[in-house]
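Asks: 3D, please:
(4 chains)
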There are 2 protein chains.
Amino acid sequence: MVSERGLEVLRVIVQDYVASREPVGSRSIVERHAFGVSAATIRNDMALLEDEELIAAPHTSSGRVPTDKGYRVFVDQLADLRPLTPAQRQAIEAFLGASVDLDDVLARTVRLLSQLTHQVALVQYPTLGTSRVRHVELVPLGGTRVMSVLIADNGRVDQRILDLANPVDDAFLADVRARVNAAIVGDGLADAAKTLSTFADVFAPERRQLVALIATSLAEQVLAGRQDRLLMAGTANLARTEDDFTGSIYPVLEAIEEQVTLLKLFSEMDAERGGVAARIGRENAGFGLAETSVVTSGYSSGGGSVARLGVLGPTRMDYPNNMAAVRAVARYLSRLLGEDD
Amino acid sequence: MVSERGLEVLRVIVQDYVASREPVGSRSIVERHAFGVSAATIRNDMALLEDEELIAAPHTSSGRVPTDKGYRVFVDQLADLRPLTPAQRQAIEAFLGASVDLDDVLARTVRLLSQLTHQVALVQYPTLGTSRVRHVELVPLGGTRVMSVLIADNGRVDQRILDLANPVDDAFLADVRARVNAAIVGDGLADAAKTLSTFADVFAPERRQLVALIATSLAEQVLAGRQDRLLMAGTANLARTEDDFTGSIYPVLEAIEEQVTLLKLFSEMDAERGGVAARIGRENAGFGLAETSVVTSGYSSGGGSVARLGVLGPTRMDYPNNMAAVRAVARYLSRLLGEDD
DNA sequence: ATTGGCAGTCGGCATGTATGAGTGCTAAGA
DNA sequence: TCTTAGCACTCATACATGCCGACTGCCAAT
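Replies: As a prediction, the model looks like this:
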C-alpha cells in the first residue's frame, strides 16, 4: 500500500514533470521540496508507486513519469480547486461583457478559454433543449423557395431553406406564419413539435399538403437544434506542445476536426457527476485521442438547457489551472446567459 | 539570359522537388526526364538559373531547390490549368449538391476544398455587398431587449441583440417592423442604410429616440454584413507537411487563427487580376506567413457580390493541382449561389 | 554549344567513447 | 520497522571521428 507520503511524492512528480517535461528523479525531489527525508527513502516510495502503476520509468535508470493512472489519482485527489486570480476574473468579465448576441458570446468564450489555459478550447452550442419558441418567420425567397427562421428565447436563431413543390402565394404564407406563431410561440420545443404535427389539419384540403410540408420541416428544425455544432480555438497550442505527442500531432489535429467524434465524447462526459470532469489519456483512446486529456464542465443557457465547454491538450497538462479556468468560465457563461431570460 | 530549355529545367526542378522534398541534382534530372542532353549541360543551365536567383543550393554541392522567385516564375508560366478529373468534378457535385442553406453550403465547400488539395482551406463569407434586403424582423426578448434579424436575398441571415434604454411595447414594435419593411425591403443595402438614417423623423417626438436607436443599429447591421467571417478546414494538413517549415508550425497556426490578418490578405489579393491568384512565400511575410503560399479565387454570390476562397499551405505545394481545384470550386460555388436568385 | 572527366566540398550516417543522472540493492543505524 | 549511506550498474545524451555518396564547378576536348 502506498503511504500518505507516497501520495505526496506522486503529487510533486506530477507537478515537476508537468512543469519541466523531464522525468523526475529522487534526488531532484528532495532538492526542490522539503520532504525531510533522504533521496533513498523517496526511492523506496517511488518503487511502491511503480508497483501500483502510478508512475513509470521511460527507461532503466531514468527519472519517473506519471502514468495515465497516476494523473487520474492526482486529479481525483485534487479536492479543492484554487480560485482564479483577480486578474483572470477580470479578464473574463472584460472579455465576455461586451457581447451582442449568442454567436458572439460563444465565440468570445472559446477564445478566452484558450487564452486562459493555453490549450485547445471547445464550446458546444447550447441545445435548444428546454427553451421556448420566441418567434417563427417564413420568408418567401421567390419561386418555390421559402426560408424559415426559428428564434428561441435563449437567443438562438435557426434558419433553413425549404424547397416546396409549388410556387407560394405571399399572402397565404403570411397567414400560415401568423397561425404558426399563434399556435406555438411560448411553448417548449417538444410541445411545439407535437402541435406542428397536426397543424395542417385545419387548412383547406387543397392547401393541406403545402402546409404539412412547412410544418414538418419546422418541427424537424425545432427538434434538431444546433447541438451538433462546436466552436474551437487555440489549435496552435497543440503545435506548441507537440513534443508531448509521439510522432506527429497530425492524428490529433485530424481527430479534433471530426466534430462528430468530439460531440460524442462530450455526451459521454455528461454522465460523470460533479462540476468539472476530466478524461485522461487512454480513457479517450476510442476517439483517436489516446495521448490527450479533456477537461470539461457543463453550462446552462437560459431555460435550464445545457451544453458543455472545455479544453483539450496533451496528457501532460496543468490540471489544477485548467480545471479552475474551465469551471470559472462555465459559471460565468451560465450567469451571463441566464440573465438574458 | 536563361534559355528556353532553362525554363524547362526550372519546371522539372519544381515538379521533382515538390514531389520528393529533396534537392534535385543534374544527374537525377537527366535520368528522370528525357532532355536529350547530358548532366553537364543541365549543370550549366542550372548555374544560369542560380544567377537569376530562381533556384538555390541549400549548401555547397547539393542539389537545387526553387526559390520563392523560382516558384513565382513557375506559376506565372503556368498558362493553362489542366481541368479536374471527372472523378473530382463528380465529388464536387455530390458534396455541394445536397446543401440546405448558405451556412451549410459554405461549410461543405471549405471541407471539400481541403480534401481536394490536402491543404488548409479558407472560405470567406460573402459580403452583403450588392445584395438586397429581403426581410427585417424585430423580436421582443422581454424587458428592454430586442433582437433584430436581417435577411438578405442571397440567403444570409444576420442577427443582433439591442438593449434599449426603455421597455418596449410589443404592438409598437410590430408597427415599427412593418414600416421598416415597407421602407427598405427590396432596396440594395447601401440605399437601405441611407433610408434608415432619416427613418425616425416621421414618428412622434416621444417615440423618436427609441426608433432612432433601432434604425441606427439596423443601419449598422446592414452595412457591417458578415464579411469579417472566415471558415477554415484541414488545419491538420499543416501538421502533415510540418517538415516544410523551419522550426515549428506553431507560428503558422497562430497566424491563421488571426482571421483579421487573413481577411486583410484576401482583400489585397482582390487587386490581382485574373481568375486564380497566388501569393508565394515571402510575399506574405507581412502576415507572419513567410513560408506559406496562398492560392485564392474570387467567387460571386447572388447579386454580384463577391468574396474569396482558397487554400493555404507550405511554399512547396502542388500549384497546378491546387490552382485547378480552387478555380473549379469557385466556379461551381458561384453557379450554385447564382441559382438561388 | 555540348560533353566527359576529375577534383573538391559537404551533409548524413555509423561508430566509438566519455559523461552524468538515476536506479536497485544491501547492510548498517535509529 | 522505517530510514539512510554507499556502491555497482544501466542507459540516454552529447560529442568526436571517419567514411561514403551525391553534387557541383571547372577545364579541355569535340
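Asks: Next, the buried residues of stretch A:28-41.
Replies: A:28-30, A:35 (16 or more other Cβ atoms under 10 Å in any protein chain shown). In this view, the C-beta of every residue, glycine as well, is placed from N, C-alpha and C.
Asks: got CSV for these, with pLDDT and secondary structure too?
Replies: Converted to CSV, the buried residues of stretch A:28-41 look like this (pLDDT from 0 to 100; DSSP: H, G, I helix; E, B strand; the rest coil):
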residue, pLDDT, secondary structure
A:Ser28, 94, helix
A:Ile29, 95, helix
A:Val30, 94, helix
A:Phe35, 92, coil
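Asks: At the contact with chain B, which residues of chain A appear?
Replies: By Cβ under 8 Å from any Cβ of the partner chain, the residues of chain A that approach chain B are A:100-101, A:103, A:134-135, A:137, A:139, A:141-142, A:145, A:147, A:149, A:151, A:153, A:155, A:157, A:159-161, A:233-236, A:238-240, A:242, A:248-250, A:253-254, A:257, A:340-341.
Asks: Please list only the buried members of these.
Replies: If we count by 16+ other Cβ under 10 Å, the residues of chain A next to chain B have these buried: A:101, A:103, A:134-135, A:137, A:139, A:141, A:145, A:147, A:149, A:151, A:153, A:155, A:157, A:159-161, A:233-236, A:238-240, A:242, A:249-250, A:253-254, A:257, A:340-341.
Asks: for the buried residues of stretch A:28-41, which one is nearest DNA strand C?
Replies: Nearest to DNA strand C out of the buried residues of stretch A:28-41 is A:Ser28 (Cβ to the nearest atom of the strand; 5.0 Å).
Asks: For the stretch 101-250 of chain A, which segments count as helices?
Replies: A:102-117, A:170-184, A:189-197, A:205-224, A:236-240, A:250-257 (DSSP state H, counting those that start in this stretch).
Asks: burial of the closest residue to DNA strand C within chain A, as a residue count?
Replies: Nearest residue of chain A to DNA strand C: A:Gly25, at 2.9 Å (Cβ to the nearest atom of the strand). Residues near A:Gly25, counting by other Cβ atoms under 10 Å in any protein chain shown, number 20.
Asks: Please convert the buried residues of stretch A:28-41 to CSV, extending it with distance to B:Ser20.
Replies: Below are the buried residues of stretch A:28-41 laid out as CSV (distance: Cβ to Cβ, whole Å):
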residue, distance to B:Ser20
A:Ser28, 45
A:Ile29, 49
A:Val30, 53
A:Phe35, 56
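Asks: of these, closest to chain B?
Replies: A:Ser28 (27.6 Å; Cβ to the nearest Cβ).
Asks: ok, that closest one touching A:Asp16?
Replies: Yes - between A:Ser28 and A:Asp16 there is a contact under Cβ atoms under 8 Å: 7.1 Å.
Asks: Where does pLDDT dip in the stretch 51-200 of chain A?
Replies: A:99-100, A:128-130, A:142, A:154-155 (pLDDT under 70).
Asks: tell me which parts of it are close to DNA strand C?
Replies: A:57, A:61-64 (Cβ under 7 Å from any atom of the strand).
Asks: Between those, which sits nearest B:Asp45?
Replies: Set against B:Asp45, the nearest of these by Cβ to Cβ is A:Ser62 (53.9 Å).
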